[in-house]
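Kindly return the folded structure for what I paste below:
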Amino acid sequence: MPIRKLNWDALGVAVSVACAIHCAVLPLVLATLPVLGINVLHNPGFECGMIGLAFLIGARAFWHGFRLHHRRFLPSVLFAVAILFLIAKQVWRQYEGVFVGLGVLFILGAHGLNYRLCRR
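Below is the predicted model:
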């Protein structure tokens, strides 16, 4: 599949869902990893990498939608708020669950809106 024909919104939703699974399910399932010497949970490098990946895919999707389809800023603004929530969870760990939940909701909403605007 050529990169131009890739549905960047669908990819963004998939990465957001993968991030949500990582943040919600992985701690429950893989709580024994530190005992085995493997540290994926609360690993700042891994988490920043996931945020960076979400940002790169989202930025590509929203730029494409804005430039070629709808010329609306709202999807990009929602996405920027989502990224800020994900960065905030790195800073204020005591509110991690709230920030992750809001971040994922805003990312999914932004991609959904972008997708609908692109299909008009």
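
Measure how far the helix ranked longest in the chain is from the centre of its chain, please.
For the chain, the helix that runs over the most residues, judged by DSSP state H, is helix 96-119. Chain-centre distance of helix 96-119: 8 Å, with C-alpha atoms, centre = their mean, to the nearest Å.

Show me what it is packed against.
The contact analysis (3 or more C-beta pairs under 8 Å, 6 or more residues apart in numbering; DSSP states H and E) places helix 96-119 against helix 8-24, helix 44-65, helix 74-91. Bear in mind the C-beta positions are built from the backbone N, C-alpha and C, glycine included.

Export those as a markdown table, with columns for mean pLDDT and distance to residue 108.
What follows is the helices and strands packed on helix 96-119, written out as a markdown table (pLDDT from 0 to 100; distance: least, C-beta to C-beta, whole Å):
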| stretch | mean pLDDT | distance to residue 108 |
| --- | --- | --- |
| helix 8-24 | 79 | 6 |
| helix 44-65 | 89 | 11 |
| helix 74-91 | 96 | 9 |
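
picking up where we left off before, buried residues in the longest helix of the chain?
99-100, 102-104, 106-111, 113-115, 117-118 (16 or more other C-beta atoms under 10 Å).

can you check stretch 45-52 too?
47, 50-51.

Going by distance to residue 83, which of the residues you listed wins?
Set against residue 83, the nearest of the buried residues of stretch 45-52 by C-beta to C-beta is residue 51 (7.0 Å).

Do I have it right that residue 108 meets residue 15?
No - using C-beta atoms under 8 Å, residue 108 is not in contact with residue 15; the gap is 10.7 Å.
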